[in-house]
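Asker: Please find the sequence and the predicted model below.
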Amino acid sequence: MIRVFFKAFVKYHRGLAKMPLAWKPWLISLLAANMIAPLFWFDRLEAQVVFGVALLNATTFVILTATSGFSRLLGLAHIYWIPLIYFLWMRLDLFPSDTAYGFWIRAVIVLDAGSVVLDAANVFRYFRGEREEMVKGL
């Protein structure tokens, strides 16, 4: 089981590395907003929740890669962002947008919401029959 998980982990990261260059700034923005920036405010609840959801997403990505390859189904891993976006949205009035923390929360909402839209389209396409891997040669 650990070997399967490790192989899927490697395959997922190879897939990310081989994605078209045009997508890399988007992917780096998501990574920075959800896994790196929270570490600067880890004493705050919102940062802990964002980081925890990011770890849950990462685990789900590996599980989905193990079951369906680097396919459009990977977008399903971001389903956890829907309640996260709601949670952050409900707390916006606590954090002014002119502070770094308030700006970061708003950035997470915008980036994650955009990703959810793209992911929903990919998952829809997967269930319509587009099940091939999105990156060749993994």
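Answerer: Structure's in. What do you need?

Asker: which residues are in contact with the host helix or strand of Gln48?
Answerer: For Gln48, the enclosing helix or strand under DSSP states H and E is helix 45-68. Helix 45-68 has contacts (CB atoms under 8 Å, 6 or more residues apart in numbering) with 4-5, 7-9, 11-12, 15, 33-35, 37-42, 71, 73-74, 76-78, 80-81, 84, 87-88, 91, 95, 105, 108, 126, 131. For glycine as for every other residue, the C-beta is placed from the backbone atoms N, C-alpha and C.

Asker: Select from those every entry located in helices.
Answerer: When helices are assigned by DSSP state H, the members of the contacts of helix 45-68 inside them are 4-5, 7-9, 11-12, 15, 81, 84, 87-88, 105, 108, 126.

Asker: Lowest pLDDT pick from those?
Answerer: The member of the ones in helices among the contacts of helix 45-68 with the lowest model confidence is Phe5, at 82 (criterion: pLDDT).

Asker: That one and Leu31, how far apart?
Answerer: Phe5 sits 21 Å away from Leu31, going by CB to CB, to the nearest Å.

Asker: and if you look at Ala47?
Answerer: Distance from Ala47 to Leu31, counting by CB to CB: 15 Å.
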